[in-house]
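Colleague: here is a sequence together with a model predicted from it:
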Amino acid sequence: MRPVLRSSFGYVLSLLRPPPASQTKLLFKSRGLPLYLRNMAHYHTEERGHPNSPDYRIFFKTSEGKYISPFHDIPLFADTEQEYDVPPKKLKKSEMVFNMVVEVPRWSNAKMEIATKEPLNPIKQDVKKGKLRFVANVFPHKGYIWNYGALPQTWEDPNHTDKDTNCCGDNDPVDVCDIGTQVCLPGQVIQVKVLGILAMIDEGETDWKVIAINIEDPDAHRINSLEDVRNIRPGHLEATVEWFRKYKMPDGKPEIQFAFNGQFKDKEFAVEIVKSTHEHWRALVQKNSNTGEIECKNISVCESPFKCTADEARNVVQLTPAFGNALPVSPEVDKWHFL
């Protein structure tokens, strides 16, 4: 794979877009399929709007063509029987595998995220003060240093005070850092093993960062704990803490703080956090918690008052702009910052 030389989100897509051979055959068999409709294993992603612009969105579809929410309709647990043709994994009883929705590919800068306040929760680029957000390159790092994304069907409840951090949740799904070697695509759904967790405290809110590895990674069978990461990927955990500590400083903000003195908690602790945030999500979609501005429209969650039909979901997508050409990105995005 060619190295990524530019931080433009559209440019990253242009480098990463060619799919594996099996997916290429699928695209060519379906002659009417637009090139911007990408197959991610058993899910599809459909781009709308213009990349590098505020109207850009990545919507999710099943293999049957039904639009879904990556926040609510993609299962958290990948090792159980699921809908949408996602096969259950054959695992040891002691091993849990979770689905991860990739929002940001490694080495890229655009701050892409699941739009929790929009119907069907497509991926979009975050906007602050009217400008698209890009993470700065803080030497020696280039953009994000892992595939960054979220665990579906989890929610950090802003009304719940964590007993360990003494801070409330940040109102988002749980974030994940995939340390696997594959550079993923935005919207790709991968299966990961949880290895540990970091408790970031951002503006007084708990913002958990799960450390995980793609189960398709060549080293996945050897990496089952934080200690394995230290031995097999030396320096990666330390770089992760340093990255989060400094990533907002180029914008004039102070260093990020952490609970537990910036120390990672182990796999067992991390899995308990994931399970508890899954229960908070369940209360959210069943309207047992205050949803606030969170959009809970879904097509598959049992007993959810927010469940909608496939036609209603399709109408949500059709109201957004059609896919168009990428807009240019400021050269400032490629600037190095030495802190």
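Modeller: Here it is on my side, so go on. Just so it is clear, the model here is predicted, and its values are computed rather than measured.

Colleague: packing partners of the longest helix along the chain?
Modeller: Counting by DSSP state H, the longest helix found in the chain is helix 267-285. Judged by 3 or more C-beta pairs under 8 Å, 6 or more residues apart in numbering; DSSP states H and E, helix 267-285 is in contact with strand 189-202, strand 205-214. In this view, the C-beta of every residue, glycine as well, is placed from N, C-alpha and C.

Colleague: by how many degrees do that helix and strand 189-202 diverge?
Modeller: 90 degrees (axes from the mean of the first three to the mean of the last three C-alpha atoms, to 10 degrees).

Colleague: please shift the residue numbers so they start at 111 in all later answers.
Modeller: Got it, the first residue is 111 from now on, which makes the last one we talked about helix 377-395.

Colleague: any idea how far helix 377-395 is from the chain center?
Modeller: Computed by C-alpha atoms, centre = their mean, to the nearest Å, the chain-centroid distance of helix 377-395 equals 16 Å.

Colleague: next one: stretch 415-429
Modeller: 22 Å.

Colleague: how long is it from one end to the other?
Modeller: In stretch 415-429, first residue to last residue: 23 Å (C-alpha to C-alpha, to the nearest Å).

Colleague: same check on stretch 321-336?
Modeller: Stretch 321-336 end-to-end distance (C-alpha to C-alpha) = 9 Å.

Colleague: what's next to that stretch, contact-wise?
Modeller: 199, 207-208, 210, 257, 286-292, 294, 300-308, 338-339, 342-343, 347, 350, 374, 376-377, 380 (C-beta atoms under 8 Å, 6 or more residues apart in numbering).

Colleague: out of the helices and strands packed on helix 377-395, which gets nearest to residue 370?
Modeller: Smallest distance to residue 370 across the helices and strands packed on helix 377-395 (C-beta to C-beta): 5.8 Å, for strand 299-312.

Colleague: which parts of that closest one are buried?
Modeller: Going by neighbour count (16 or more other C-beta atoms under 10 Å), the buried part of strand 299-312 is 299-311.

Colleague: what's the answer for stretch 233-240, then?
Modeller: Quick answer for stretch 233-240 (16+ other C-beta under 10 Å): 233-236.

Colleague: do stretch 158-177 as well
Modeller: 158-162, 166-172, 176-177.

Colleague: CA atoms of it as CSV?
Modeller: Taking C-alpha atoms only, stretch 158-177 is exported to CSV below (Å, rounded to 0.1, in the frame of the first residue of the first chain):
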residue,chain,number,x,y,z
ARG,A,158,-23.4,11.8,0.5
GLY,A,159,-22.5,15.4,0.1
HIS,A,160,-18.9,16.6,-0.6
PRO,A,161,-15.9,15.2,1.2
ASN,A,162,-14.0,17.9,3.2
SER,A,163,-17.2,19.9,3.6
PRO,A,164,-19.8,20.3,6.4
ASP,A,165,-22.5,18.4,4.3
TYR,A,166,-20.4,15.3,3.9
ARG,A,167,-22.0,12.1,5.4
ILE,A,168,-21.3,8.4,5.4
PHE,A,169,-24.5,6.4,5.8
PHE,A,170,-24.7,2.7,6.7
LYS,A,171,-26.7,-0.1,4.9
THR,A,172,-27.1,-3.8,5.4
SER,A,173,-26.3,-6.3,2.7
GLU,A,174,-30.0,-6.3,1.9
GLY,A,175,-29.9,-2.5,1.2
LYS,A,176,-31.7,-1.3,4.4
TYR,A,177,-30.3,1.9,5.9
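
Colleague: surely residue 288 is in contact with residue 298?
Modeller: No: using C-beta atoms under 8 Å, residue 288 makes no contact with residue 298, being 10.0 Å away.

Colleague: shared neighbours, those two?
Modeller: residue 212.

Colleague: tell me which element residue 421 is part of?
Modeller: helix 420-428 (DSSP states H and E).

Colleague: which strands and helices sit next to that helix?
Modeller: strand 177-178.

Colleague: so what secondary structure elements neighbour the strand it packs on?
Modeller: By 3+ C-beta pairs under 8 Å, 6+ apart, strand 177-178 packs against strand 167-172, helix 420-428.

Colleague: contacting residues around that strand?
Modeller: By C-beta under 8 Å, 6+ apart, strand 177-178 touches 153, 169-172, 184, 194, 230, 408-410, 420, 423-424, 426-427.

Colleague: what of stretch 361-374?
Modeller: 246, 274-275, 277, 306-312, 316, 321, 336, 347, 351, 354-359.

Colleague: show me where the chain has its helices.
Modeller: Going by DSSP H, the chain shows helices at 119-126, 131-139, 336-342, 346-356, 377-395, 420-428.

Colleague: so which of these gets nearest residue 221?
Modeller: helix 119-126 (9.4 Å).

Colleague: rounded mean pLDDT for that closest one, please.
Modeller: Mean pLDDT, helix 119-126: 41.

Colleague: equivalent analysis for stretch 172-191, please.
Modeller: For stretch 172-191, the mean pLDDT works out to 90.

Colleague: out of the helices and strands packed on helix 377-395, nearest to residue 449?
Modeller: Of these, nearest to residue 449 by C-beta to C-beta is strand 299-312, at 17.6 Å.
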